[in-house]
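# Any chance you can model this:
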Amino acid sequence: MPPVTKNLLIVNVLVFMATWVFERSGTDLTSLFGLHFFLASDFRVYQFLTYMFLHGGFTHILFNMFALWMFGSVMERVWGPKKFLFYYIVCGIGAGIIQELVQYADYMIQGLAAYQYVNAGGVQMTTDTYINLWTTIGASGAVYGILLAFGMIFPNERLFIIPFPFPIKAKWLVTGYVALELFSAMSGPGDGVAHMAHLGGMLFGFLLIRYWQKHPDSSQRFGRSHGQEFFDNLRHKFDERQRNSHMKAEPTGGRRETDEEYNMRQRKNQEEIDAILDKIRRSGYDSLTKEEKQKLFDQSRQS
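Below is the predicted model:
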C-alpha cells in the first residue's frame, strides 16, 4: 500500500478510537474538531482540516476507509504521494466550503438572524446553541473526490459493485453517484448525511484535475510520480536500445540498408513509441488501439 494512503487510513482509525475513548471521559472531540457553521461561536478555521478525520460511527468510517484504500491506492501510484495528498486535502476542504454555503443558505431561508431563541424538536434553545449543532464530520468529501479522479483517469475501467452482478465502467459509476447525491440532496434534509459536501468534494476535484490537464507543468512542483517514472524509464530503455544499435545494419529487401535508411527507420519507430507513451499518460493504457498495444509490447520485449 502506498505511504500516504496507508497513513491516512491509520490516522483516521486512530482518531476514531480516540473519539470513542475521550467521549467516555467526558470530552467531545467532535465538538472541538468537527466543522461548525461559520456563524456559530464554536467555529474555528482549523476545523476545515480536522473535520475530515472524524467519523460518526463504525459504518461511516468503514465505508470511507474501504473506498480510500480501494481507489486511493491506485491514484497515489499514478500521481505520487505529494500530488495525491494535496488533491485529497483540497477535496476535503472544498467539501467543507460547499457545506458551509449550503448551511448559510438554510440559515438565511429560516431567517434565524432575526431570532434569539428557536424551538428545535420541541426544545427551546438560543439561536447560537442551535446553529452550533450544525456540525459536519467525515472524510466523505475527500473520498468522493478520489472516486471522481479514478473515474476521470480510468473512465473505462470495469468495476464490480455490490449488488450488481455485472461490471460497471468507472465513468458510469461516478455519474451514478453524482445523480444519487443530487437526488438525495434535493429530497430534503433529515437523513443526517451531508450530500452537498460529497458533491463539493467532487466539484473541487474536477476543477483541480481540469486545471492540471490544461497546465501540466504546474504538477511538477509535487515531484515526479511513480507513473511518470514508469513511463520515463520505459522511454529510457527504448532510447538506450536505439543508441546501442545505432551502427547496426539490417537486411532490407535482400540488401543491407544504408546508415541513412537505418537512422530514418529508427527515428520513425522512436516517434511512434513516444506518441504511444504520451497517449498513455494523457488517457490511460485502455485508450490504446490493439495495434498500439502490440507495438509497445513488441518493442519492450526487444529492449
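
# Count the residues that sit near the nearest residue to residue 93 once chain neighbours are set aside.
In this structure, residue 93 finds its nearest non-sequential neighbour in residue 48, 5.1 Å apart by Cβ to Cβ, 6 or more residues apart in numbering. Where C-beta positions appear, they are placed from N, C-alpha and C, glycine not excepted. Neighbours of residue 48 under the rule other Cβ atoms under 10 Å: 21.

# and what of the one 3 residues further on?
Around residue 51 there are 25 other residues, counting by other Cβ under 10 Å.

# same question, residue 173
For residue 173, using other Cβ under 10 Å, the count is 20.

# Return the residues in contact with it.
Residues in contact with residue 173 (Cβ atoms under 8 Å, 6 or more residues apart in numbering) are 147, 151, 159, 161.

# closest to residue 132 among those?
Nearest to residue 132 out of the contacts of residue 173 is residue 147 (Cβ to Cβ; 31.0 Å).

# Check which helix or strand the closest one maps to.
Element membership of residue 147 [criterion: DSSP states H and E] is helix 140-153.

# ditto for residue 48
With secondary structure defined by DSSP H and E, residue 48 is part of helix 47-50.

# Output the contacting helices and strands for the helix or strand following that helix.
Remark: after helix 47-50, the chain's next helix or strand is helix 58-67, criterion DSSP H and E. Packing partners of helix 58-67 (3 or more Cβ pairs under 8 Å, 6 or more residues apart in numbering; DSSP states H and E): helix 3-24, helix 140-153.

# Packed most tightly, which of those would that be?
Ranked by mean neighbour count, the helices and strands packed on helix 58-67 are led by helix 140-153 with a mean of 26 (mean count of other Cβ atoms under 10 Å).

# coming back round to it: which strands and helices sit next to the helix holding residue 48?
Packed next to helix 47-50, using 3+ Cβ pairs under 8 Å, 6+ apart, are strand 35-36, helix 81-110.

# Can you say which of these is packed in most?
Highest mean neighbour count of the helices and strands packed on helix 47-50: strand 35-36, a mean of 28 (counted as mean count of other Cβ under 10 Å).

# Run through who's touching that strand.
Here strand 35-36 makes contact (Cβ under 8 Å, 6+ apart) with 42-44, 47-48, 50-51, 96, 99-100, 131-132, 134-137.

# what's the farthest-apart pair in those residues?
Maximum pairwise distance among these (Cβ to Cβ): 19.0 Å, between 50 and 131.

# So if I had to pick from the two, which one is more boxed in?
Set residue 50 next to residue 131 and count neighbours by other Cβ under 10 Å: residue 131 wins out with 23 against 16.

# one step back: can you say which of the helices and strands packed on helix 58-67 is nearest to residue 122?
The nearest among the helices and strands packed on helix 58-67, by Cβ to Cβ, is helix 3-24 at 25.3 Å.

# who's in contact with that closest one?
Applying Cβ under 8 Å, 6+ apart, the external contacts of helix 3-24 come out as 1, 28-30, 53-55, 61, 64-65, 68-69, 72-73, 76, 81, 84-85, 88, 139.

# which secondary element of the chain has the worst mean pLDDT?
strand 251-252 (a mean of 46; mean pLDDT, DSSP states H and E).

# Mind splitting this protein into its structural domains?
Using automatic domain parsing, the domain ranges for the chain come out as 3-221, 225-302.

# low pLDDT regions in this protein?
Scanning the chain for pLDDT under 70 picks out 188-191, 217-257, 278, 280-287, 296-303.

# hmm, try it at 50
Filtered on pLDDT under 50, the chain yields the residue ranges 246-252, 303.

# Please name the residues that touch the residue nearest the centre of it.
Nearest to the geometric centre of the chain sits residue 146, at 2.1 Å (Cα atoms, centre = their mean). Contacts for residue 146 (Cβ under 8 Å, 6+ apart) come out as 67, 68, 71, 72, 75, 87, 88, 91, 205.

# From the contacts of strand 35-36, pick the one nearest residue 116.
Comparing the contacts of strand 35-36 against residue 116 with Cβ to Cβ places residue 131 closest, at 12.3 Å.

# looking just at contacts, which helices and strands does the helix or strand that closest one falls within meet?
Assigned by DSSP H and E, residue 131 belongs to helix 127-132. Judged by 3+ Cβ pairs under 8 Å, 6+ apart, helix 127-132 is in contact with strand 117-120.
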